[in-house]
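>>> fold the stuff below for me.
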Amino acid sequence: MTKTKEKDILEYEFISGLLLSDDNSKLAYKKTSANYDENKYESDIWVYDTKENKTYPVTDIKDASIYTFDKDSELIFKSKSKDKKDIFKKVGENGVGKKCFEIEKDVESIKWLKKDLFLIKASEKKSSEEKEKDKENEYFHELNSLPFWSNGLGYLNFKKSAYYIYNSKKDELEKIIDSTLDNYVDGINLNKDLDKAIYLKSEFDNNHVMELKQSLYTYDLKEKKSTLLIEKEFTFNFADFIEDKIIFVGSTMEKGGVNEDSFIYTCELDGSNVTKLTDDSFDMAFGSSIVSDSRFGSMRTFKVVNDRLYFVVTEKENTKLYSIDLEGNLKEEISSRIEDYDIIDDEIYYSAMDADRLAHIKKQGSDEILVDNKIETNVGKIEEFFFESNGDMIRGYVLLPTKFDENKKYPTILSIHGGPKGSYSDVFHHEHQVFANDGYIIIYTNPHGSSGNGVKYSDIRGYYGKTDYEDLMTFVDEAISRYPQIDTDKMGIYGGSYGGFMTNWTIGHTDRFKAAVSQRSISNWTSFYGVSDIGYYFGSDQTASDPWNSLEKMWDQSPIKYADKVTTPALFIHADEDYRCPLEQGLQMYTKLKLNGVDTKMYVFHGENHELSRSGKPKPRLKRLTEIKAWFDEYLKDEN
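Okay, here's the model as predicted:
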């Protein structure tokens, strides 16, 4: 087998968007890969035939992302727009069939309900006059709300969208709920009779600042009337009808702030009698928090089937699928490494990621791989150990070089995940393997603040740079004691987002690392407060301070305060459309190190955002990794 190289990320095929037909005969999924020459990603829909045990593509349009099955278990997908209409085609027995219907909207999602009915989210297509007006006014943006921009979306000038019921037989589109920037509606689900919808609404206060907690509403499709059930008591993750009740997932933020793990609740159809189904012993985080640079596309977290709620959680360093009934009886459905899933009746198909495989498809109850996605290059061995820090036993990982010789010394890199509520595990991570294939040891762990260990473990509010830093340094010391092959004179450190924050922090507090790479980082909480899309609430929540009443405490937790002590050569990587950790955060560290005479360099990627390392366009994504590798090679390799 050949070495895993930087450019291999361009050859991977990423599986996502699993969707079962109503008769369980077909499983549709999206396959995405990079087109380096055109600097973009291309996606098409594939189908796994569960009866014939075969896989085949059903589109060749390179931008397929919106699809559903119909009453006959035939796949319908959004094809191309023509004038002011979105065209939908049906995939039949002999491949792609003809157009089945057109909708005079910009369709953002489609979901088959029953018979000839579909739930659609769509917005009005802009007229030529509106497009011309936008072009005339592109030299300014008017800001009158918080947030005023959002990572990946830019300045928040959302076009108005709405949810509709579409009858394909009658070609009728009935609006049910509007969704605007002022009253953003999401998470809509309908009951079995299709006469009531439940949805979540984010609202603004009188000064046009978005509330952190949402409200829960139902909508009567016959009376065409919305009813408020729960007003701004929770941050909601999900809500749906179950039996004769409502089940929802949310957090009150009372114990862990904005990063608090959520719990499962039920209530009556009128919002009364809110009851908690999971208690404080439920030490899991909903969704997958497992960090990897080798996935692309969305993943399902929640689904109600046969009066049970199915949900993905991060538990310790693993992702699992559980279900729960109205009595609170939990059942573990899938025990390991789940990425995505769908369920019809009692049959569960899911995708999983392993140490040597990207997302691949399996069926519950069988170890057989139905759709494989094995890595065809060398993969380094990952070993684990536990260490004690700040009163907890924490798992540490060591990725060994592919040609590991226990009698040799190796340059070593400490990798720090983002979040802080991310979590590392032993699943495939491309850039880690690039280093392992080139003679590096990579070490990583999940310090306090990470996901999957409950609210208490993840709550480091007011202790950024203290508890987590102690955990990381204890881990490094323990790794060195267990692996004498680690060359302590050739150690590097790197990370992105929160990992960038901790990289900035660490090089301001120790000179044990000989090279550092800080990506999309936070360096100054006081300026982050006013420029990040989440800064106006996240910064104060996480540091337990603010610039007016406790400036010194916020400044004490800012890595820029200690930048004058940095001697470690450091590379900074940022994107100019990163609105989560804006560009100025990296520039502040770079500027101070440059003035101090420390060897430093910075790359600014134009048109990219906070997701550069995970879903950035192919050319900048490859350039980023190439420069990280070159920086560490320069300072940590003997030949340099």
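>>> distance of K71 relative to D116?
Per C-beta to C-beta, to the nearest Å, K71 is found 7 Å from D116. Bear in mind the C-beta positions are built from the backbone N, C-alpha and C, glycine included.
>>> scratch that, G508
Using C-beta to C-beta, one obtains 63 Å as the distance from G508 to D116.
>>> centroid-wise, who is the farthest residue in the protein?
Using C-alpha atoms, centre = their mean, the residue of the chain lying farthest from its centre is N407. It sits 39.9 Å away.
>>> tell me the pLDDT at that one?
N407 carries a pLDDT score of 98 in this model.
>>> which non-adjacent residue is nearest L119?
Setting aside the residues directly before and after it, L119 is nearest to K111 in space (C-beta to C-beta, 6 or more residues apart in numbering), at 4.5 Å.
>>> L19 now?
Taking C-beta to C-beta, 6+ apart, and ignoring the residues beside it in sequence, L19 has A28 as its nearest neighbour in space, at 4.6 Å.
>>> in a strand, that neighbour, correct?
Yes: when classified by DSSP: H, G, I helix; E, B strand; the rest coil, A28 is found to be part of a strand.
>>> just to revisit the earlier point, show residues contacting the helix or strand harbouring the residue nearest to L119.
In this structure, K111 is located in strand 106-114 according to DSSP states H and E. Counting contacts by C-beta atoms under 8 Å, 6 or more residues apart in numbering, the residues outside strand 106-114 that touch it are 22, 66-71, 76, 78, 81, 86, 88, 118-125, 161, 165-166, 190, 194.
>>> buried stuff in that strand?
Neighbour counts over strand 106-114 (16 or more other C-beta atoms under 10 Å) mark 106-112 as buried.
>>> C-terminal to it, what's the next element?
Toward the C-terminus, strand 106-114 is succeeded by strand 117-123 as the next helix or strand (DSSP H and E).
>>> distance from that next one to the middle of the chain?
In terms of C-alpha atoms, centre = their mean, to the nearest Å, the gap separating the centre of strand 117-123 from the centre of its chain is 25 Å.
>>> now for it, which elements pack on it?
Packed against strand 117-123, as judged by 3 or more C-beta pairs under 8 Å, 6 or more residues apart in numbering; DSSP states H and E, are the following elements: strand 106-114, strand 161-167.
>>> the first one pairs with which strands?
Using DSSP bridges, the neighbouring strands of strand 106-114 in the sheet come out as strand 117-123 (antiparallel).
>>> may I see the buried residues of the strand it pairs with?
Of the residues in strand 117-123, those buried under the neighbour-count criterion (16+ other C-beta under 10 Å) are 117-122.
>>> again, but for stretch 375-394
Buried residues in stretch 375-394, defined by neighbour count with 16+ other C-beta under 10 Å: 375, 377-380, 382, 387, 389-390, 394.
>>> gap between that stretch and the chain center?
With C-alpha atoms, centre = their mean as the basis, the mean position of stretch 375-394 lies at 22 Å from the chain mean.
>>> can you measure across that stretch, start residue to end residue?
29 Å (C-alpha to C-alpha, to the nearest Å).
>>> now intersect the buried residues of stretch 375-394 with the strands, please.
382, 387, 389, 394 (DSSP state E).
>>> of those residues, which is the nearest to M253?
If you rank those by distance to M253 using C-beta to C-beta, I394 comes first, at 25.3 Å.
>>> for the closest one, what are its contacts?
Each residue near I394 by C-beta under 8 Å, 6+ apart is listed here: 386-388, 445-447, 471, 475.
>>> E584 now?
Counted by C-beta under 8 Å, 6+ apart, E584 has contacts 527, 531.
>>> also the one 4 residues further on?
When contacts are counted by C-beta under 8 Å, 6+ apart, Q588 touches 523-524, 527, 560, 563.
>>> and the residues you listed as TSV, adding pLDDT?
Formatted as TSV, the contacts of Q588 follow (pLDDT from 0 to 100):
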residue	pLDDT
S523	98
N524	98
S527	97
I560	98
A563	98
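>>> thanks a lot, see you next time.
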